[in-house]
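Colleague: here is a sequence together with a model predicted from it:
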Amino acid sequence: MTGKNTKTQEEIVHDLRTRVKLEEYGVENTQSTDYPGTYEHYDDSWDFEKFKKNFKIDIKSYSADKMEMEFDMIGIDASIANSFRRILLAEVPTMAIEKVLIYNNTSVIQDEILAHRLGLIPLKAGPSKFKFKLNPEGDNNEDDTLEYELKVKCKMPKNGNKEDRKSFIDSKVLSSHIKWNPIGNQAEQFKEEDVCPVLGDILVAKMNPGQELDLKLLAVKGIGKDHAKFSPVATAYYRLLTEIVLKTDFYDEQAEKLKSCFSPGVIKIVEDKKKEGRTKAVVDNPRLDTCSRQVYMFDEFKGLVEINKIRDHFLFSIESTGAVTCENLMKESINILMMKTQNLLNEINSKKN
Amino acid sequence: MNSMNKIEIAQDGSTDDYSKTFTINNEDHTLANALRYMIMKNPNVVFCGYTIPHPSEIKVNFKIQTNKKVTALEVLEKGLVDLQEVCKHVLHTYETAVQQFQSQQMEA
Amino acid sequence: MIQEILLPGHLYLGVLAERLHQTLIKLTKKLRYIKALATSKSSDNKLCQGIPKNMEICHVPRIDMEKNTYSLYPGLYLFTTPGRMMRPVKNLMTQQTEFIGTMEQCYLHVCVKPEEFVENKTSHSELYPYSFMSVVACLTPFSEFNQSPRNMYQCQMGKQTMGTPCHSIQNRADNKLYRINFPQSPIVRTKIYDHYKLDDYPLGTNAIVAVVSYSGYDMEDAMILNKSSFERGFAHGMVYSTEIVELNDKSFGSSKGKIFALDPRYPKLGEKLDKDGLPYVGSIIYPGDPFYCYLDQNTGEYRVQNFKKLEKAYIESIRALGSDDGTDPLNKVAIMMSFNRNPIIGDKFSSRHGQKGICSRIYPTEDLPFTESGLTPDIIFNPHGFPSRMTIGMMIEFMAGKSGAIYGTAHDATPFQFEGGQSAIDYYGNLLKKAGYSYYGTESMYSGIHGRQLEVDIFFGVVYYQRLRHMVSDKFQVRTTGPIDVKTHQPVKGRKREGGIRFGEMERDALLAHGTAAVIQDRLLNCSDKTTEKICTRCGSFVSISKKNSHLTCLLCGKNDALSNICIPYVLKYLVAELASVNIRVKFDTTQARITNYSVEP
């Protein structure tokens, strides 16, 4: 969109209300100012219908294994989007190994380091089917604990060569060696594939012939706030959608130079319809921009290119570790925020009575 | 289990119902910031803000001051209800969008 | 004038100096040439037989032509003894590497760059521009961009890092060894790093660092750690310590004949200690748990010793020490234990540029700022650490580490590479630009607390951080009341003995300056060695009071009617006793203090 160089009062106010400006050395206008009374002639008080009309969610990509998802959330404020992000990182529960009972460990890895590594292995078990274990020293019940065992012995093959490490049997302890031991009636509810580690080729330890591991692992439900091993996402983050405004037209070499300033795919060179043989730069896909702001390094573009971010357009990206699918993660996150508000409301009501 | 109350009224020198500081236990920026935004959208609110007095203690001091047409407690409740509505709508929109996307994938 | 030619110990030839000054120079040159031939591969040349390649040829001229001075011991010195320090330089005459020694070097002109070549004077050139630096100094990346004291601090701190001290820890019984659990190879490294194969002994972690004043907890060189990184193993370390318990040592009493054995009367001990009275290998020992149990064969008595250290330990191995043929009774063991030292608030970290700081807070990930690509930093570094310290090398390491991580290569940070030509910033900036990041190494980040974008671009990159071995668990001491010294009744010194911290003379002066009399009395009397003693008011002494016929009497006066109580520091009594031992009598005036009425002047 090519704009004029001077803006009307309305356009300036609209920019203030909806756009974050990326300048050469900083970012301006990041605050959301749409509270009632800030702007004359604007009624910013909370209107649920207006919110419902403007709010959109657009799923852009969802991988086939359901582990990665990218979607757009339009029309919501940063504080609420941030709450969802924080809950995704820290408060959506998963199952992870918490206690390791070591019966025998003759490998070179120390007990506590081995236990630490085992705790970080993501487990496929769906946390919604389990309860939180209220008493950490209590019994291992079927509804709050999963029991696994890891028994590996490294042996030398018959006629084996001491120098040939690759020929050793079971010298690498992988997460696929972790076997599930059902407690109580878990065998009816789950199958091995439902509760095993997400990936089977995670290297836990390395051993030499004669060394062995004999461990019993107990997994419980927890949240990321307690320990990072319970976090269900590899990462969850968002960024704002970039908007690139070209205030004048750029042709030919300038257009090429402008294109090279941005990530590939952001600026497209098209034939100029008004004049034969001339090419023009047109903004094609600003989603791909990485905000490197290289365009400000050239004096000829300063002032003629505006890079903005649309303040209420969030490009969410969620990468699950495998325990919970991405769509369920987001649903859980929204539910947890609702539960928090409900808890507080209940408290207030009970206090009033 | 927890002998601490979830929400308490803190002493901040205010005498009437239109200006109060609530101390919410076991909460952090996740709920407090979202709630602050919803309450600020209320045209009867003159001031709304929150602090976390010390990061080692998990509590939030939430201050609301109104223009005397409604009490601070009512504003807090309305904010919570509004936030719940937002969450419900977001959840509904999200589920619809996922279904739409998956059906598009099926067709393709 | 005689100029001597000296070989070790022997005066070889004394020759007239005036005629032979030039000849000596020629002789030196020739000897050096032959030595160079000996150094090169073609050393079977008959000409260089008898001239070893590590011979030092030092010609001290009688008159220094330039400075017009006479030197003290002119001569041609030739050294061939073993055990001299020598270093390689390039001989410009033969274009070969030659080894020169310490005395020789003073009289040679060795140039560093070809531009420094002086006709008829320069005979050698340095092999590398960084040859003048030590091994630790060469390991600092981009050290030519740092202020030199910072490089010196790094040389010192590199020796204090928790790294990988040796590969044979299981077979050794060192008194104290520090080790890092999950070390990484640095992305930004110098040539020396690979030359000395330091990858076998890694000593730090590549951390993602953001330079931002974020929470106010990072002032004065403190830094904030990311809780999730810490929980995933960042900078985890451990300390190995060995305790040698020798039962026949004097500290256990004078009788011999003690051996380690488990007390059969208490089966509960068997849960913690093995059948030989020593702890199970691999078990966890908490402070206060039974540590070992021994039997005194002479008296038939079993004694259990508890674990005295303040933190829990894992028993790594127990070695029975004794004679070679193994016939000694079990009375000396070496118990090797390991302590967990994961980073807590107060532990010291440093980058490789003399930027040390302690961890002030472990911040939850969701509160930390995140970038456009979703990264949260492992460490937050305060930008105020740069202006006065001027460690630009660290800033370049930020960019080099970032581009190395993006492209998957290790970058060469050997000093003196970027001389003339492209600057380091330009080189790494262009690499970042090609990858889609900002040329200046900054990124625009979002706050984790309120979700909006931060208004400033944050300098973000990858830096190799070392964990130093000064940990708060080894240093903190606390005491309310505790052990006191026998002579002076004052609190003892020392962290191990639960001692107090000295409130010294200068601290006393500070309190006096404030005029806080009650605090002085509290610190120096009440909390220290306050006692109540009896004093004889007639003769004014309190060391002369003793019990006679079950009454307290003053031995000097012979009577007991003038005794009264007085509140003094005990060390006063000790002083009076010491003075009495050298025949000095200290007499105290115990008449009542006169009370004066102060009137207000009109």
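Modeller: Structure's in. What do you need?
Colleague: now check stretch B:55-71, is it near chain A?
Modeller: No. Contact of stretch B:55-71 with chain A (C-beta under 8 Å from any C-beta of the partner chain) is absent, the minimum separation being 9.7 Å. Bear in mind the C-beta positions are built from the backbone N, C-alpha and C, glycine included.
Colleague: and that stretch, how far apart are its ends?
Modeller: 30 Å (C-alpha to C-alpha, to the nearest Å).
Colleague: tell me who's in contact with the closest residue to chain A within chain C.
Modeller: Residue nearest to chain A within chain C: C:Gly451 (2.7 Å; C-beta to the nearest C-beta). With contact set as C-beta atoms under 8 Å, 6 or more residues apart in numbering or on different chains, C:Gly451 has these partners: A:78-79, A:81-83, A:85, B:33.
Colleague: how about these in CSV, adding secondary structure and distance to chain C?
Modeller: Below are these laid out as CSV (DSSP: H, G, I helix; E, B strand; the rest coil; distance: C-beta to the nearest C-beta, whole Å):
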residue, secondary structure, distance to chain C
A:Ala78, helix, 4
A:Ser79, helix, 6
A:Ala81, helix, 6
A:Asn82, helix, 3
A:Ser83, helix, 8
A:Arg85, helix, 7
B:Asn33, helix, 6
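Colleague: please name the nearest non-neighbouring residue to the residue most central in space within chain C.
Modeller: Nearest to the geometric centre of chain C sits C:Gln160, at 4.1 Å (C-alpha atoms, centre = their mean). Excluding the flanking residues, the one nearest C:Gln160 by C-beta to C-beta, 6 or more residues apart in numbering or on different chains is C:Leu468, at 5.0 Å.
Colleague: what about that neighbour, neighbour count?
Modeller: 19 (other C-beta atoms under 10 Å in any protein chain shown).
Colleague: C:Lys30 too?
Modeller: 11.
Colleague: and the helix ranked longest in chain A, what's buried?
Modeller: Across chain A, the helix with the greatest residue count (assigned by DSSP state H) is helix A:326-352. With burial defined by 16 or more other C-beta atoms under 10 Å in any protein chain shown, the residues of helix A:326-352 counted as buried are A:326-338, A:340-341, A:343-345, A:347-348.
Colleague: who are the packing partners of that helix?
Modeller: Using 3 or more C-beta pairs under 8 Å, 6 or more residues apart in numbering or on different chains; DSSP states H and E, the elements in contact with helix A:326-352 are strand A:68-74, helix A:78-90, strand A:305-320, strand B:7-10, helix B:29-40, helix B:72-107.
Colleague: take those and write them to a markdown table, including mean pLDDT and mean neighbour count.
Modeller: Output for these, formatted as a markdown table (pLDDT from 0 to 100; neighbours: other C-beta atoms under 10 Å in any protein chain shown):
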| stretch | mean pLDDT | mean neighbour count |
| --- | --- | --- |
| strand A:68-74 | 93 | 19 |
| helix A:78-90 | 94 | 25 |
| strand A:305-320 | 92 | 21 |
| strand B:7-10 | 84 | 15 |
| helix B:29-40 | 93 | 24 |
| helix B:72-107 | 93 | 17 |
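Colleague: those into JSON lines, with extra columns for distance to A:Thr290?
Modeller: Listed next are the helices and strands packed on helix A:326-352 as JSON lines, based on distance: least, C-beta to C-beta, whole Å:
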{"stretch": "strand A:68-74", "distance to A:Thr290": "15"}
{"stretch": "helix A:78-90", "distance to A:Thr290": "20"}
{"stretch": "strand A:305-320", "distance to A:Thr290": "11"}
{"stretch": "strand B:7-10", "distance to A:Thr290": "43"}
{"stretch": "helix B:29-40", "distance to A:Thr290": "27"}
{"stretch": "helix B:72-107", "distance to A:Thr290": "25"}
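Colleague: how about the ones you listed, which one is nearest A:Ser292?
Modeller: Proximity to A:Ser292 (C-beta to C-beta) singles out strand A:305-320 among the helices and strands packed on helix A:326-352, at 10.0 Å.
Colleague: does that closest one reach chain C?
Modeller: Yes. Using C-beta under 8 Å from any C-beta as the criterion, contacts between strand A:305-320 and chain C involve A:309, A:317.
Colleague: burial of whichever residue of the stretch 151-300 of chain C sits closest to chain B, as a residue count?
Modeller: Of all residues in the stretch 151-300 of chain C, C:Ser215 sits closest to chain B, at 7.8 Å by C-beta to the nearest C-beta. When neighbours are counted by other C-beta under 10 Å, C:Ser215 registers 16.
Colleague: the nearest residue to it once chain neighbours are set aside is in what secondary structure piece?
Modeller: Distances taken as C-beta to C-beta, 6+ apart place C:Ile224 nearest to C:Ser215, at 6.5 Å, with adjacent residues excluded. C:Ile224 belongs to strand C:223-226 when assigned by DSSP states H and E.
Colleague: show me the contact partners of the helix or strand just after that strand.
Modeller: Counting by DSSP H and E, the element after strand C:223-226 in chain order, helix or strand, is helix C:227-231. The contact list for helix C:227-231 (C-beta under 8 Å, 6+ apart) reads A:224, A:227-229, A:231, C:207, C:342-343, C:362-365, C:376, C:378.
Colleague: in stretch A:243-263, which residues are buried?
Modeller: Those would be A:243-246, A:250-251, A:254-255, A:258-259, A:261-263, for stretch A:243-263 by 16+ other C-beta under 10 Å.
Colleague: ok, for C:Lys256, nearest residue in space, not its chain neighbours?
Modeller: C:Asn248 (5.4 Å).
Colleague: the residue nearest the centre of chain B: what's it in contact with?
Modeller: The residue lying closest to the centre of chain B (C-alpha atoms, centre = their mean) is B:Leu35, at 2.2 Å. When contacts are counted by C-beta under 8 Å, 6+ apart, B:Leu35 touches A:341, B:50, B:62, B:79-80, B:83.
Colleague: and the residue of chain B closest to chain C?
Modeller: For chain B, C-beta to the nearest C-beta, closest residue to chain C: B:His29, 5.1 Å.
Colleague: help me confirm that that residue comes into contact with C:Leu368.
Modeller: No. Using C-beta atoms under 8 Å, B:His29 is not in contact with C:Leu368; the gap is 11.9 Å.
Colleague: tabulate the contacts of C:Gly451 (TSV), appending distance to C:Gly558.
Modeller: Below are these laid out as TSV (distance: C-beta to C-beta, whole Å):
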residue	distance to C:Gly558
A:Ala78	92
A:Ser79	89
A:Ala81	94
A:Asn82	88
A:Ser83	88
A:Arg85	90
B:Asn33	85
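Colleague: out of the residues you listed, who's nearest C:Val110?
Modeller: A:Arg85 (60.9 Å).
Colleague: now the closest one, nearest residue through space, not along the chain?
Modeller: A:Ala236 (5.7 Å).
Colleague: distance check, C:Ala36 against C:Glu98.
Modeller: According to C-beta to C-beta, to the nearest Å, C:Ala36 and C:Glu98 sit 5 Å apart.
Colleague: the more surrounded of these two?
Modeller: Taking neighbours as other C-beta under 10 Å, C:Ala36 and C:Glu98 compare with C:Glu98 leading, 24 against 20.
Colleague: ok but the more buried one is inside a strand, no?
Modeller: Yes. Judged by DSSP: H, G, I helix; E, B strand; the rest coil, C:Glu98 forms part of a strand.
Colleague: and it, what does it touch?
Modeller: C:32, C:35-36, C:39, C:53, C:88-91, C:124.
Colleague: in strands only, show me those.
Modeller: C:88-91, C:124 (DSSP state E).
Colleague: list the beta-bridge partners for C:Asn340.
Modeller: C:Met238 (DSSP bridges).
Colleague: quote the end-to-end distance of stretch C:522-535.
Modeller: End to end - C-alpha to C-alpha - stretch C:522-535 spans 23 Å.
Colleague: please, where are all the strands along the stretch 1-150 of chain C?
Modeller: C:2-7, C:10-16, C:56-60, C:63-64, C:69-70, C:75-79, C:86-91, C:96-101, C:109-111, C:122-125 (DSSP state E, counting those that start in this stretch).
Colleague: lovely, talk soon.
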